[in-house]
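> model this:
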Amino acid sequence: MQPGSAPWDNLRCASRLALCALRLAARQRQWIVTLLTQLHEEKRAGRERLRLETRARCRELLGALLPPGSQIIVFGSLAKPYAFSRWSDVDLAVAGLPAGLSPDQLAARLEAELRRPVDVVRLGETRISAAIVRTGETWTL
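Residues are numbered from 1 along each chain as shown. Now for the predicted structure:
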């Protein structure tokens, strides 16, 4: 093949087309990665917003249900930034409750208001007490 011949021109044209296609594919990959990163960040921010809203509402409800000075340990996904999702439950540990209020009753009242599962455990009566104290966040109402 000689430069200027039809096959040579066809080869050059095909090479240019292939190079353009590769550049376009690289731009598309960059665009897709950027879009996926944006979607991931939006989802992450939404999860954190939900966590903070749930925490605030939970603290408000606990303040209405328990006497001032009560200590609650929040643990699990509600205590971890960006870990809480719309499917998450609320995990709480209590050292003591007022007479006439059991952990199950407290959980039921919170579930009704928060519209999500709530687990309340008595600190000291669960085998994971040490982990709860170590990783949880203590709230004083």
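> phi first, then psi, for residue 119.
phi -110, psi 120 (degrees, to the nearest 10).
> now it: how far from residue 53?
Separation of residue 119 from residue 53 (CB to CB, to the nearest Å): 19 Å. Using the backbone N, CA and C atoms, a C-beta is placed for each residue, glycine as well.
> try residue 84
On the measure of CB to CB, residue 84 and residue 53 end up 10 Å apart.
> between these two, which has more neighbouring residues?
residue 84 (23 against 11; other CB atoms under 10 Å).
> what's the local residue count around residue 106?
Residue 106: 21 neighbours (other CB under 10 Å).
> same check on residue 136?
By other CB under 10 Å, 20 other residues sit near residue 136.
> then residue 80?
Residues lying near residue 80 (other CB under 10 Å) number 14.
> just the one 10 residues further on next, same as before
The burial metric for residue 90, expressed as a neighbour count using other CB under 10 Å, is 23.
> now do residue 40
By the measure other CB under 10 Å, the count of residues near residue 40 is 10.
> now do residue 123
With other CB under 10 Å as criterion, residue 123 counts 19.
> all set now, cheers.
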